[in-house]
Structures are given as C-alpha cells and as structure tokens.
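[1] Pasting the sequence and the predicted model now:
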Amino acid sequence: GDGTAPPPPSLEGLTTSRRRAPPHRRLLALFNRARRQNLREVSVNLLRLVASSGLAVLLSMVFPGVTKGEEPTARSVADRTALLSYSVINMAMMALMKTMDLFGKERHVVVREQMRREYTGPEYLAAKMLAEFPLDASFSALYALVLKHTTGLRVGTATLVGTLSLVTMACAALGFAVGSATSDEKTALTVGMPLMIIYMVVGVINPSGVNPEEVPPVFLSWIKLASPVRWGIEALCVAEFKGMEFKKPKNFRVLDTPRMGALALVNNGNQVLNSLGLEGKTWEGLMKNLALLVGAELVVAVAGLALNRPRFVRALGCTGHADFDENG
C-alpha cells in the first residue's frame, strides 16, 4: 500500500543440488517473471500511456508553426527543429528513469539469486531486454502516432515511430548499463541523471549553426558519439528537412523568414541541413550508429554485472561447503 513495487518472485527450482537448469529454461523463466511484473504494474503503465499521448498533444500546441495540413514554410524551421528535439529528449528521459529505477530495485534480489547460482548476469540482462524493449517501444510508438496526427511534421509515420522507438531502446540500455554499475536505485539515479543531462547538452542542435573549420575537443567528440539524444535528433532532422521545399509567399516579408542564427534566410530543407552541419548524412546511417550505441551500452551492462557479481570466500575452519559473500 506504500506504492513500492513488489519484489520479483523467486526463481527457486532452477537449481538443484547437482546442476542448474539448461540456459533456455533459465532465460524463459526470467522472461516470464519480467513479463508478469510488467503486466501487474497497471497504474504505472496507464500513467505512461497518458504521459506519452499528453506530451504529444502539449508539444503540438506549444509549437503552432508546425500546423497540420499547412505546407512547410521557412518560418516553421525553428519550430520543427525544436519539436523534434523535445520529442527525442522526452522519450529518452522516460525510458532512462524507468529502467534505472527498476534495475536498482531488483538489484538485491538478483544478487541473492546469483548467490544461489540460479542464473548468470547475461541471462538476466537478455530476459529484461526481451521484456522491457517492446513495452518501452510501444509507448514511443504511441507518442509518435499522436504527434504525427496533431502536427504538420513532414517526416513519415514509420520513420518517426522507428526513430523514437530506437531512441527509447538506447536509453533503456543506458539505464541497464548505469544500473549494473551501481549498487541501488538511488545511486543509479545520482549517476544517470547528470549523465543524461550531459548527453542532452552535447546532443541538441545549436541553432547558430556549425562552423566546419572549428574542430571540437577530442573528449567532446567522444561524448557526442555516446549520446543517444544526438543520434535521435540528427536522424529526425535529416528525415524531416531533406528535400523539403518551402511554400513561397506571395509578397516577401522579413517576418516570413527564420528569425535567428544559421536558419536565417534559408530557402529549402537542404540548406537547413547544410547550416546545421548535417549535410551528407542519411537517416539510415544515423540509425545504424544509434543501433551500434545500443549494442555498446548492453556490452557495458554485461561487464557491470560481471564486475559486481557476488564473490565468495571459504570460511577457515569450515568442514562443509559453506561459502560467504565477501561483501558481507
């Protein structure tokens, strides 16, 4: 009754005094447990449902320059860029927060079960992926469908759904990585939130444009490579602006042009991409980079589980097979 999620049920039965169950049985049992846990969290899923659709409607009202049924104009460029950027950030934050909180809460149960050698870290991570990724992606898909229906975005529905779903998976994998390297949910949030803020800062597109002659510091380039926000925003901007032609006003007015930075006086979508430093990039290439990032984050998560797995020492003077956790 205190709002705390119940601990996952035990997986007793997967081990015997002689040997463990086969890997496929362990994986299936872990997946079924995670799936049942998701189904039990009705209130959480309803809140995510309302939040996903509500955020899409809210953003469609905040950025009236992207009105449904109207042709793209030069003046709408800033609104389109901001709308796509906020969409990526919203989905990224929701996925990361949920995954870190869940991973942290389950940590003690997982450690206890690994002490009994019921399953391995990679098996646990694989089961969580199979259970969590489709659910997280479904909320992103709902958000994308509502956003597409309520705004005049040019990007295709399938492209919008696919990009935001992969961004969500990338941030869920980031949550797995942070959670595996920390001891509980509080520590995970303490580490994960500043990390996501850094990824947001380096990932958002600077409206003042990019000077190709300026080479960023090496460490900043590495941070950008690890930012799911960066890949998601760039992919959606490329899909939105590539080949876009602006509606020509009958009488030229300065008020009909973009008002700031590199977006001022652009004549079509390709010029927008050039001004933002995205010329030559493709949606497919950016999505490939995002998928590679998901894989790298999962590798970090597996390594974190391996480094933080329970370790045992034999107690001196014991005649039986009693092992003790060296961490106490």
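    Sure thing, it's come through. Numbers count the residues shown, from 1 in each chain.
[2] mean confidence score for whichever strand or helix holds V272?
    Secondary structure from DSSP states H and E places V272 in helix 269-275. The average pLDDT for helix 269-275 rounds to 88.
[3] Residues contacting it, please?
    If you take Cβ atoms under 8 Å, 6 or more residues apart in numbering as the criterion, helix 269-275 is touched by 72, 77, 209-210, 237-238, 240-246, 262-263, 266, 279, 281. C-beta: built from backbone N, CA, C; applies to glycine.
[4] cool, and stretch 290-305?
    In contact with stretch 290-305 (Cβ under 8 Å, 6+ apart) are residues 121-122, 124-125, 129, 166-167, 169-170, 173-174, 176-177, 179-181, 225-226, 228, 231-232, 235.
[5] Among those residues, which lie within strands?
    Per DSSP state E, strands hold no members of the contacts of stretch 290-305.
[6] Quick one, which of the residues you listed are buried?
    121, 124-125, 129, 166-167, 169-170, 173-174, 176-177, 179-181, 226, 228, 231-232, 235 (16 or more other Cβ atoms under 10 Å).
[7] In helices only, show me those residues.
    Of the buried ones among the contacts of stretch 290-305, the ones assigned to helices by DSSP state H are 121, 124-125, 129, 166-167, 169-170, 173-174, 176-177, 179-181, 228, 231-232, 235.
[8] Mind jotting down where the helices sit in the protein?
    23-40, 42-62, 77-115, 121-150, 157-181, 185-203, 218-225, 228-241, 269-275, 283-307.
[9] mind putting the ones you listed in CSV, distance to K68 included?
    Below are those laid out as CSV (distance: least, Cβ to Cβ, whole Å):
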stretch, distance to K68
helix 23-40, 33
helix 42-62, 8
helix 77-115, 12
helix 121-150, 7
helix 157-181, 13
helix 185-203, 27
helix 218-225, 33
helix 228-241, 15
helix 269-275, 18
helix 283-307, 22
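[10] Just say which of those helices is most tucked in.
    helix 228-241 (a mean of 26; mean count of other Cβ atoms under 10 Å).
[11] From the chain's centroid, how far away is that helix?
    Remark: helix 228-241 is offset 14 Å from the chain centroid, using Cα atoms, centre = their mean, to the nearest Å.
[12] Return the angle between stretch directions for it and helix 218-225.
    70 degrees (axes from the mean of the first three to the mean of the last three Cα atoms, to 10 degrees).
[13] Which elements pack onto helix 228-241?
    helix 77-115, helix 157-181, helix 185-203, helix 269-275, helix 283-307 (3 or more Cβ pairs under 8 Å, 6 or more residues apart in numbering; DSSP states H and E).
[14] would you list those in a markdown table and tack on distance to P64?
    Formatted as a markdown table, the helices and strands packed on helix 228-241 follow (distance: least, Cβ to Cβ, whole Å):
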| stretch | distance to P64 |
| --- | --- |
| helix 77-115 | 8 |
| helix 157-181 | 19 |
| helix 185-203 | 24 |
| helix 269-275 | 19 |
| helix 283-307 | 26 |
